[in-house]
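**Student:** how would this look folded up:
(4 chains)
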Protein chains: 4
Amino acid sequence: MARQSDGQAPRPRLERDRRSSPRGETAAWRTAVTCIEPNKILIRGYAVDELMGRLSFDEAVYLILRGELPSRDIGKLFGAVLVSSIDHGVTPPSTLAALNVTTTGAPLAACVAAGVLGFGMYHGGDIEPCMRLIQLGLAHVRAGLTYTEASARVLGDLLEAGQRPPGFGHRIHTSDPRASRLLQLARELELDGEHVRMLRTYERALADRDAHGAQPLPLNVDGAIAAVCADIGFEPELGNALFIIARIPGLIAHANEERSRQAPLRQITAGDAAYDGPQPRRLPETRK
Amino acid sequence: MARQSDGQAPRPRLERDRRSSPRGETAAWRTAVTCIEPNKILIRGYAVDELMGRLSFDEAVYLILRGELPSRDIGKLFGAVLVSSIDHGVTPPSTLAALNVTTTGAPLAACVAAGVLGFGMYHGGDIEPCMRLIQLGLAHVRAGLTYTEASARVLGDLLEAGQRPPGFGHRIHTSDPRASRLLQLARELELDGEHVRMLRTYERALADRDAHGAQPLPLNVDGAIAAVCADIGFEPELGNALFIIARIPGLIAHANEERSRQAPLRQITAGDAAYDGPQPRRLPETRK
Amino acid sequence: MARQSDGQAPRPRLERDRRSSPRGETAAWRTAVTCIEPNKILIRGYAVDELMGRLSFDEAVYLILRGELPSRDIGKLFGAVLVSSIDHGVTPPSTLAALNVTTTGAPLAACVAAGVLGFGMYHGGDIEPCMRLIQLGLAHVRAGLTYTEASARVLGDLLEAGQRPPGFGHRIHTSDPRASRLLQLARELELDGEHVRMLRTYERALADRDAHGAQPLPLNVDGAIAAVCADIGFEPELGNALFIIARIPGLIAHANEERSRQAPLRQITAGDAAYDGPQPRRLPETRK
Amino acid sequence: MARQSDGQAPRPRLERDRRSSPRGETAAWRTAVTCIEPNKILIRGYAVDELMGRLSFDEAVYLILRGELPSRDIGKLFGAVLVSSIDHGVTPPSTLAALNVTTTGAPLAACVAAGVLGFGMYHGGDIEPCMRLIQLGLAHVRAGLTYTEASARVLGDLLEAGQRPPGFGHRIHTSDPRASRLLQLARELELDGEHVRMLRTYERALADRDAHGAQPLPLNVDGAIAAVCADIGFEPELGNALFIIARIPGLIAHANEERSRQAPLRQITAGDAAYDGPQPRRLPETRK
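**Tutor:** Now for the predicted structure:
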């Protein structure tokens, strides 16, 4: 911020910082999400009772986050994004945080909150950085590079620094079925665009690298979610939010199972868990 | 627990309490929610990639909580339950907790967690007690009372004690559009049963009471959710969990709006908020 | 609440319940904890800069919770209460919740919050119920029973129901050194009173019971804290709060150790931990 | 990380990242904080029962965080740091988050956790950045600049970018009594060193700037804490941790007052609060 020519120090954004300015009056502020009046609830302008039974929760989530209704196809793809991340068993640290709080007899909301706090930078937090990584590659493309050149530029820097590219690599899955399915669905619905294309270029580059003996870094579900959501218009700021929304039912299912099945204050060792749920089964062809 | 005839004090359940017994080995334990193996994720037995694109998130939430797929109609009604509670503006204390954390620059997960912690006994916590209130009335009915007699018995005790029956009363809505719509949808789908019937009996009794000058206690959305979910098979323990799942997107929308629009560390006064979102609008007749 | 003689249904406390009354204006409200004005901060009336360097943090905690300064002896005993609970290693579920959040790269405040959420009903929550158990015994004493008779009455009911008396039993310690020391210090400072006497009566009764082959239920630190704090004037409502205050530094020490020593996203198994800290050492006789 | 001369891509730290490597066995890990064995609890090597009554909680907090006992003077100064931040009334967003959760009837641990989550980047988070700012200035000094030159360099960059230097500025206090007192105490105890000197240089430079019409940026308590704690050996990583430890009793006092005095589900407007606590009073000269 340049000095003004009259010699006065520029007025920085400091006034907006409550710590440096005197305590001001509270001014009116505005919110555009939901309008509440007696007997009237508008979600981004739509009466909630009109949405009930006509919009799925998937579509309502899209509406409240984006401000507009999704098309049917986008709603379907977005629903698949949420379903993909609904749970991942008992070993994620977020689920273990929730289980450890559950075993102390805390109420369900506390158990869920503890699980949500486990969505830190390294867990459930890959979507936003991957969206930015894709944006970075596309910026190079817009500047004249081919997709392949852009990929080499972006990934090169990252790997040189010893960092794992967000959206790739998984401790368990060498071929993440959720990633494949999501990209397939995007293709079927013709919603895949430049972001998916950039992601696929990264994927190929990393696969070639794997072929030369380096550590495998297959595409994971966060990478697929990042590309797909970017192609349907989401900004990176909401990337990780989608993971939170999706994972809450999984956290609740585990907390509920813990309090139903187990004695309080038990020592929870994830490695000692065995699955005793339903055997693998198929969705019926037709469902009533 | 009766004394054993040999004079020994009974062995209470104390052994299961970690505090009173010596530190034991961790035993194998079992979980029935999700099976994770390399490249395979089963949600209650169904491959998650098979669910993606074929099950809505609503239906997947039902599946992971209940353990079985919902019928199409139940899935639709359950989705309406979730949509009904997706948000309620900036004034709920849970949303204010989330906004106050947001204004301090905390990451989104922390903002959401703070909001979830605001789902205490008196807020978002009406569903479970209302389910139990309905169960109580139905227990009287099974014992031989009419619905009306059961209602008088149950409500009478509660009101004598100066307590508001859970599921009734609202600080803003005298005729909660979400409650009406949910019960209407249950009727249309022929999923309303004895729990809805008991709820309606309570509603009429309270309306009669209102007519005599007492404070109005109209049916609210938590009451409708309680009855409807009980009729489609949910146990009270999961009642409030549904509210948590539904409200997360609303919390995120508000936190995201706060960090996008406002300076940090502002004093947030709910009463100073004005709505500047979309004007009331209708869902299109057909949606593509 | 009796019916008024004019036939009207009594006005229950429902008006105070925000859900049942129309949205009212926000009224002025009062707070007695801290007075803030420009360049002036009064903690329960005392200028904070006057307290700094003259009151220990222990004493300031007592002051802000109780509203009055402690005597030197009470301050010393209260400090010992806090020190007693400062940490208990890596195995408590609260610490594991904090560690699991830490390993995901969440900020320290989120890690601490997750640990705090682990202070549920069964963990760190024994102090308040034990204070109430002691109060119950003393109520019998005031009604004419001897301490021994009161103890038999109170404990008898509890054990018959298969419940562990709060304040007794521990998964590791058969003779909790913190409990012994705290009661010894209370005796030395002549601050032990009727609550400690009631607790000691419970302790003897349970020891006699142990002698007959039942499961040992030795006094634990929560019981000692309960009795001692009651004798210096604390009400049960703040019992568990003392544990929260005391344990925060322990949670922070563990979270800080985790992020300093370990890679992110590790599987944390408490049973695999080994201590590599300082060898046992004594406080120096004199400290400068 | 340089490429190895054999042409192979370097092995990055990716193996340590759980996401990219196969699921490994849990290895033994080590903790140096607390040793727990039957009837033995060592806090950094000292038996906790030996600490009780001989160490204040202040000193025990220092011990568990730093690993060694403080000298008496350092313990006294550290205690003053904690006392300085014990509370700041009802207006901080962290306290409002806690109050909003309290009004919903959540348990105390949930209220406290919500408050802790409000210690985000901009609130309670000034200590660590200020410690780093001081370190930055001292690095210039070690490289040959005078304190004044170093200050001009560091502050110049910051203010040009429109950023408020951490440790300076306050929305209410133009002369923060806590900051003055803390630095005075450090001087009296002869514990002030190069970090305090650097801070004072910043302070003078900003005061000169104020004199030319810019927005005042007086030293605040976080700046004083940063300098003082750095001079007694704390690393920046624990800077904000001290604020968390100190503020917990304040959060609890407010949550406890809220649940004692107020009806549930009230609309909490900080600006409507009036102080009705004790009138200003002095610490007695001598205390028994």
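**Student:** low pLDDT regions in chain A?
**Tutor:** The model of chain A has pLDDT under 70 over residues A:1-27.
**Student:** for it, what's the longest helix?
**Tutor:** helix A:239-261 (DSSP state H).
**Student:** tell me the buried residues in that helix?
**Tutor:** Within helix A:239-261, the residues scored as buried using 16 or more other Cβ atoms under 10 Å in any protein chain shown are A:239-259. Glycine gets a C-beta too; all of them are placed from N, C-alpha and C.
**Student:** is chain C within reach of that helix?
**Tutor:** No - on the criterion Cβ under 8 Å from any Cβ of the partner chain, helix A:239-261 is out of touch with chain C, staying 10.5 Å away.
**Student:** excluding chain neighbours, what is closest to residue A:70?
**Tutor:** Of all residues beyond its chain neighbours, the one nearest residue A:70 is residue A:62 (4.4 Å), with distances taken as Cβ to Cβ, 6 or more residues apart in numbering or on different chains.
**Student:** go on, residue A:52?
**Tutor:** Distance criterion Cβ to Cβ, 6+ apart; nearest residue to residue A:52, sequence neighbours excluded, is residue B:80 at 4.1 Å.
**Student:** hey, where'd the strands end up in the stretch 1-150 of chain A?
**Tutor:** A:29-31, A:34-37, A:40-43, A:46-47 (DSSP state E, counting those that start in this stretch).
**Student:** relative to the whole chain's centre, how far out is the last one?
**Tutor:** Taking the mean C-alpha point of strand A:46-47 and that of its whole chain, the gap between them comes to 26 Å (Cα atoms, centre = their mean, to the nearest Å).
**Student:** what does that strand contact?
**Tutor:** A:40-41, A:63, A:69, B:177, B:280-283 (Cβ atoms under 8 Å, 6 or more residues apart in numbering or on different chains).
**Student:** same check on the first one?
**Tutor:** Contacts of strand A:29-31 with the rest of the structure, by Cβ under 8 Å, 6+ apart, involve B:89-90, B:254, B:257, B:261-262, B:266, B:268, B:272-277.
**Student:** could I get those residues as a markdown table with distance to residue A:162?
**Tutor:** A markdown table is the format used below for the contacts of strand A:29-31 (distance: Cβ to Cβ, whole Å):
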| residue | distance to residue A:162 |
| --- | --- |
| B:89 | 47 |
| B:90 | 44 |
| B:254 | 38 |
| B:257 | 37 |
| B:261 | 38 |
| B:262 | 38 |
| B:266 | 40 |
| B:268 | 42 |
| B:272 | 49 |
| B:273 | 47 |
| B:274 | 50 |
| B:275 | 49 |
| B:276 | 47 |
| B:277 | 46 |
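**Student:** highest neighbour count among the residues you listed?
**Tutor:** Neighbour counts for those, by other Cβ atoms under 10 Å in any protein chain shown, peak at residue B:254, which reaches 26 neighbours.
**Student:** ok, now how distant is that one from chain C?
**Tutor:** Distance of residue B:254 to chain C, computed by Cβ to the nearest Cβ, to the nearest Å: 19 Å.
**Student:** next: residue A:62.
**Tutor:** 27 Å.
**Student:** so that residue makes contact with residue A:71?
**Tutor:** No - using Cβ atoms under 8 Å, residue A:62 is not in contact with residue A:71, being 9.9 Å away.
**Student:** so who does residue A:58 touch?
**Tutor:** Counted by Cβ under 8 Å, 6+ apart, residue A:58 has contacts A:75, A:78-79, A:82, B:56-58.
**Student:** so of these, which ones are in helices?
**Tutor:** Per DSSP H, the contacts of residue A:58 map to helices at A:75, A:78-79, A:82, B:57-58.
**Student:** from these, which is closest to chain C?
**Tutor:** Closest approach to chain C among the ones in helices among the contacts of residue A:58 (Cβ to the nearest Cβ): residue A:82, at 20.7 Å.
**Student:** I'd say the closest one and residue A:244 touch.
**Tutor:** No - applying Cβ under 8 Å as the test, residue A:82 and residue A:244 come out as separate, 10.6 Å apart.
**Student:** residue A:62 and residue A:71: which has the busier surroundings?
**Tutor:** Between residue A:62 and residue A:71, residue A:62 has the larger neighbour count (other Cβ under 10 Å), namely 28 against 16.
**Student:** for that one, give its distance to residue B:247.
**Tutor:** With the distance defined as Cβ to Cβ, to the nearest Å, residue A:62 ends up 16 Å from residue B:247.
**Student:** residues in contact with residue A:64?
**Tutor:** Counted by Cβ under 8 Å, 6+ apart, residue A:64 has contacts A:33-34, A:43-44, B:86-87, B:249-250, B:253.
**Student:** chain D contacts on the stretch 51-200 of chain A?
**Tutor:** So far as Cβ under 8 Å from any Cβ goes, the stretch 51-200 of chain A lies against chain D at A:106-107, A:109-110, A:113, A:117, A:122, A:126, A:159-164, A:168-172.
**Student:** for PyMOL, write a command that selects the buried ones of these.
**Tutor:** This is the PyMOL syntax for the buried subset of those, where burial follows 16+ other Cβ under 10 Å:
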select buried, chain A and resi 106+107+109+110+113+117+122+126+159+164+168+169+170+171+172
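**Student:** give the contact list for residue A:135.
**Tutor:** A:230, A:236.
**Student:** what do you get if the cut-off is 10 Å, keeping everything else the same?
**Tutor:** Contacts of residue A:135 were listed using Cβ atoms under 10 Å, 6 or more residues apart in numbering or on different chains, and they are A:154, A:195, A:198, A:226, A:230, A:235-236.
**Student:** residue A:187 now?
**Tutor:** Counting by Cβ under 10 Å, 6+ apart, the residues that residue A:187 touches are residue A:196.
**Student:** and the gap between residue A:92 and chain C?
**Tutor:** 9 Å.
**Student:** how about that residue: what's its closest non-neighbour residue?
**Tutor:** Residue A:92 sits nearest to residue A:123 (Cβ to Cβ, 6+ apart), 6.5 Å away.
**Student:** what does residue A:141 give?
**Tutor:** Excluding its sequence neighbours, the residue lying closest to residue A:141 (Cβ to Cβ, 6+ apart) is residue A:150, at 5.0 Å.
**Student:** quick check: that neighbour touching residue A:199?
**Tutor:** No - here residue A:150 does not reach residue A:199: they are 11.8 Å apart, not a contact under Cβ atoms under 10 Å.
**Student:** give the residues shared as contacts by the two.
**Tutor:** The contact sets of residue A:150 and residue A:199 overlap at residue A:137 (Cβ under 10 Å, 6+ apart).
**Student:** for these two, indicate the residue with more neighbours.
**Tutor:** Ranked by neighbour count (other Cβ under 10 Å), residue A:150 and residue A:199 place residue A:199 first, with 29 against 22.
**Student:** please, which helix or strand holds that one?
**Tutor:** Assigned by DSSP states H and E, residue A:199 belongs to helix A:194-211.
**Student:** residue contacts, residue A:282?
**Tutor:** B:45-47, B:50.
**Student:** most neighbours, which of the residues you listed?
**Tutor:** residue B:46 (21 neighbours).
**Student:** ok, residues contacting the helix or strand that the longest helix of chain A is followed by?
**Tutor:** Downstream of helix A:239-261, the first helix or strand assigned by DSSP H and E is strand A:273-275. For strand A:273-275, the external contacting residues (Cβ under 10 Å, 6+ apart) are A:89-91, A:99, B:28-37, B:42, B:45.
**Student:** cutoff 8 Å now
**Tutor:** For strand A:273-275, with Cβ under 8 Å, 6+ apart as the criterion, the contacting residues are A:89-91, B:28-32, B:34-35.
**Student:** which single one of those is nearest to chain C?
**Tutor:** Set against chain C, the nearest of these by Cβ to the nearest Cβ is residue A:91 (6.8 Å).
**Student:** before we move on, back to that, could you identify which of the strands of the stretch 1-150 of chain A is most buried?
**Tutor:** Highest mean neighbour count of these: strand A:40-43, a mean of 22 (counted as mean count of other Cβ atoms under 10 Å in any protein chain shown).
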